[in-house]
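> my questions concern the predicted model and sequence given below.
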Amino acid sequence: QVQLVESGGGLVQAGGSLRLSCKFSGRTFNNYGMGWFRQAPGKEREFVAAITRTTGMTTYADSVKGRFTISRDNAQNTVALQMNTLEPGDTAVYYCAASQRGRLSRNPDAYDFWGQGTQVTVSS
């Protein structure tokens, strides 16, 4: 069974940066595409970024493009989300997810395993 554990969340002022990390275990990491999603209070879970299994192709939500960067280290079984120029609208619980499907996907239904989430709070 795949386990995903996120870390790196916290409180930061607007304009600041945070780096989230997700540790993958239980299966072969490079068989899984990885994604980050977020959910703010009272809102639905939304796509943030995704990266393919081995080629490293990425896709981003328009709201974070140019500010966030997703990356993966297949030797360390980790995926990271570097978040720069944070805005109060980025405040949410951020979730790491793993997908066995070969294509990049923004659809949460395409992901088979989820972490517990890490809180990111951006103050104005």
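Received it, and whenever you're ready, just let me know what you need.

> ok, and the closest non-adjacent residue to the spatially most central residue of the chain?
Centroid-nearest residue in the chain, with C-alpha atoms, centre = their mean: Trp36, separated by 2.2 Å. In this structure, Trp36 finds its nearest non-sequential neighbour in Val48, 4.3 Å apart by C-beta to C-beta, 6 or more residues apart in numbering. (Glycine included, C-beta is placed from N, CA and C.)

> moving C-terminal from the helix or strand harbouring Ala97, which element do we reach first?
Using DSSP states H and E, Ala97 sits within strand 92-99. Per DSSP H and E, strand 92-99 leads on to strand 113-114 as the next helix or strand towards the C-terminus.

> and that next one, which strands flank it?
Strands adjacent to strand 113-114 in the sheet, as given by DSSP bridges, are strand 92-99 (antiparallel).

> outside of the strand it pairs with, which residues touch it?
Identification of contacts with strand 92-99 by C-beta atoms under 8 Å, 6 or more residues apart in numbering yields 2, 4, 6, 9, 20, 22, 24, 32-40, 43, 45, 48, 79, 81, 105, 108, 110-120.

> mean confidence for the strand holding Ala97?
Mean pLDDT, computed over strand 92-99, is 98.

> when you give positions from now on, start the count at 50
Renumbered: residue one is now 50, and that last one reads strand 141-148.

> list the buried residues of it.
For strand 141-148, a neighbour-count test (16 or more other C-beta atoms under 10 Å) marks 141-148 as buried.

> make a markdown table from those residues and add distance to Phe117 to it.
Listed next are the buried residues of strand 141-148 as a markdown table, based on distance: C-beta to C-beta, whole Å:
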| residue | distance to Phe117 |
| --- | --- |
| Ala141 | 12 |
| Val142 | 16 |
| Tyr143 | 10 |
| Tyr144 | 14 |
| Cys145 | 14 |
| Ala146 | 15 |
| Ala147 | 19 |
| Ser148 | 19 |
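
> can you get me a residue count around the residue nearest to Arg94 when sequence neighbours are not counted?
Excluding the flanking residues, the one nearest Arg94 by C-beta to C-beta, 6+ apart is Gln88, at 4.3 Å. Neighbourhood size, Gln88 [other C-beta atoms under 10 Å]: 15.
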